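Trainee: what's the 3D shape of this:
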Amino acid sequence: QVQLQESGPNLVKPSQTLSLTCTTSGASITTTYSTWGGIRQPPGKGLEWMGVIDYDGNIFYNPSPKSRTSISRDTSKSQFSLQLSFLIPEDTAVYYCASSKVRAPFYYSWGQGTQVTVSS
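Mentor: The predicted model follows:
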């Protein structure tokens with residue numbers, strides 16, 4: 001069973017960069033056809049998909065906020081990271097890591113989520 005754990009700051013200031021690390025267990029991030037995504041949910045709103053990295057290192061972003069989002073991975077640690085730059089208060093949300101498979105219609109496994117508040 002795939003498990004994911006998010007780690008990162010809970011409070012960041014506007015204009016700073018958020019860096020979240022997702023640590024996986026139960027499967028390698030290079031497992032064939034696996035995908036690893038970042039999703040967030042602002043208060044009172046629905047889930048927003050931010051981007052995904054697949055087993056082969058291909059990365060796809062949500063067009064918004066694509067220009068501020070960056071995803072990377074460390075295969076030796078089976079971790080992937082989500083960075084969001086030039087933070088604004090509207091980036092306040094619960095951030096999740098999730099895993100799935102290529103062409104799957106939904107994410108099978110989710111981390112517990114981490115609250116990130118953007119405030120001065």
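
Trainee: rest of the way, CA atoms for contacts and neighbours
Mentor: Will do.

Trainee: pretty sure Ser15 contacts Leu84?
Mentor: No: Ser15 is not in contact with Leu84 according to Cα atoms under 8 Å; the separation is 9.9 Å.

Trainee: Between the two, tell me which one has more neighbours.
Mentor: Per other Cα atoms under 10 Å, whichever of Ser15 and Leu84 has more neighbours is Leu84, with 21 against 15.

Trainee: Identify the bridge partners of that one.
Mentor: With DSSP bridges applied, Leu84 shows beta-bridge pairing to Leu18, Thr69.

Trainee: So which residue is dead centre in this structure?
Mentor: With distances taken as Cα atoms, centre = their mean, Gly38 lies nearest the centre of the chain, 2.4 Å away.

Trainee: Could I get the contacting residues of that residue?
Mentor: Contacts here follow Cα atoms under 8 Å, 6 or more residues apart in numbering; on that basis Gly38 touches Trp49, Met50, Gly51, Val52, Leu82, Tyr95, Tyr96, Cys97, Ala98.

Trainee: again, 7 Å this time
Mentor: Going by Cα atoms under 7 Å, 6 or more residues apart in numbering, Gly38 touches Trp49, Met50, Gly51, Val52, Leu82, Tyr96, Cys97, Ala98.

Trainee: ok, it to Trp49 distance?
Mentor: 6 Å (Cα to Cα, to the nearest Å).
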